[in-house]
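[1] generate coordinates for the sequence data below:
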Amino acid sequence: MGYMGSGKSYFGKALAQLLNLNFIDLDKYIEKKEKLSISSLFEQKGEVYFRKVETQYLKEVLNDHQYDIVALGGGTPCYGDNLEIIKSTDNMQTVYLQKSVLELSKTLYNEKSTRPMIAHFSNEEDFIEYISKHLFERQYYYLQAAHKINLSNVDSNEDVIEKLKHILKNESNEQ
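    Here you go, the predicted model:
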């Protein structure tokens with residue numbers, strides 16, 4: 001879990017490929033099921049509808065047990081009882097991929113047209129303020145993850161993957 005642009009999908013997919021595990025990106029799963037992009041869902045049906053189906057599909061994915069690694073949407077753990085659903089799932093380990101506001105802003109500003117929550121920003125200063133406030137609001141949920149990786153303190157993507165491997169290895173030994 002983590003804010004949009006923190007690398008959840010990238011690192012989840014890379015770890016799954018490396019360890020020959022099954023990976024799912026919850027947003028991609030929702031897009032496939034709804035036959036609409038996340039942006040189109042927000043545009044056409046609104047955030048309330050999106051959050052409702054997000055919870056439905058989260059339960060589906062977690063109950064399916066065919067996925068070893070799940071990349072959540074940035075807001076997934078922050079709405080309804082999603083965090084409790086995640087935390088109460090058997091053998092589920094949560095990892096918060098943490099990035100600073102400036103790192104997130106730098107990444108996201110160039111991608112904003114593909115992200116419905118931030119697509120409307122044209123002023124970089126307002127954008128950074130929004131990310132800062134939004135991340136602060138979501139931090140409460142993210143910090144409840146069992147594990148945290150501060151991406152500012154990691155030298156390379158390979159180091160992040162090693163940390164994730166270590167978390168998986170240690171947790172599976174304790175089960």
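
[2] quick one: secondary structure of residue 24?
    In the three-state summary, residue 24 is assigned as strand, counting by DSSP: H, G, I helix; E, B strand; the rest coil.

[3] is it true that residue 80 touches residue 48?
    No: distance between residue 80 and residue 48: 10.9 Å, which falls outside the contact criterion (C-beta atoms under 8 Å). C-beta coordinates here come from the backbone N, C-alpha and C atoms, glycine included.

[4] give me the low-pLDDT residue ranges for the protein?
    For the chain, the stretches with pLDDT under 70 are 171-175.

[5] what about residue 80 and residue 48, which has more around it?
    Neighbours per residue, other C-beta atoms under 10 Å: of residue 80 and residue 48, the larger number sits with residue 80, 14 against 8.

[6] show me where this protein has helices.
    Assignment of helices within the chain using DSSP state H yields the ranges 8-19, 26-34, 38-64, 82-87, 101-109, 124-142, 157-174.

[7] tabulate the ones you listed (JSON lines), appending distance to residue 1.
    Below are the helices of the chain laid out as JSON lines (distance: least, C-beta to C-beta, whole Å):
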{"stretch": "helix 8-19", "distance to residue 1": "7"}
{"stretch": "helix 26-34", "distance to residue 1": "10"}
{"stretch": "helix 38-64", "distance to residue 1": "11"}
{"stretch": "helix 82-87", "distance to residue 1": "8"}
{"stretch": "helix 101-109", "distance to residue 1": "14"}
{"stretch": "helix 124-142", "distance to residue 1": "6"}
{"stretch": "helix 157-174", "distance to residue 1": "13"}
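
[8] which one of these lies nearest to residue 148?
    Each of these was checked against residue 148 via C-beta to C-beta, and the shortest separation belongs to helix 124-142, namely 8.2 Å.

[9] just the C-alphas of the closest one, formatted as CSV.
    Taking C-alpha atoms only, helix 124-142 is exported to CSV below (Å, rounded to 0.1, in the frame of the first residue of the first chain):
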residue,chain,number,x,y,z
GLU,A,124,2.5,23.1,-9.7
GLU,A,125,2.4,24.9,-6.3
ASP,A,126,-1.3,24.1,-5.8
PHE,A,127,-0.5,20.5,-6.9
ILE,A,128,2.3,20.1,-4.2
GLU,A,129,0.0,21.5,-1.6
TYR,A,130,-2.8,19.1,-2.5
ILE,A,131,-0.4,16.1,-2.5
SER,A,132,0.9,17.2,0.9
LYS,A,133,-2.6,17.5,2.4
HIS,A,134,-3.9,14.4,0.8
LEU,A,135,-0.9,12.3,1.9
PHE,A,136,-1.2,13.7,5.5
GLU,A,137,-4.9,12.5,5.5
ARG,A,138,-4.1,9.0,4.3
GLN,A,139,-0.9,8.6,6.4
TYR,A,140,-3.1,7.4,9.3
TYR,A,141,-4.1,4.3,7.3
TYR,A,142,-0.8,3.7,5.6
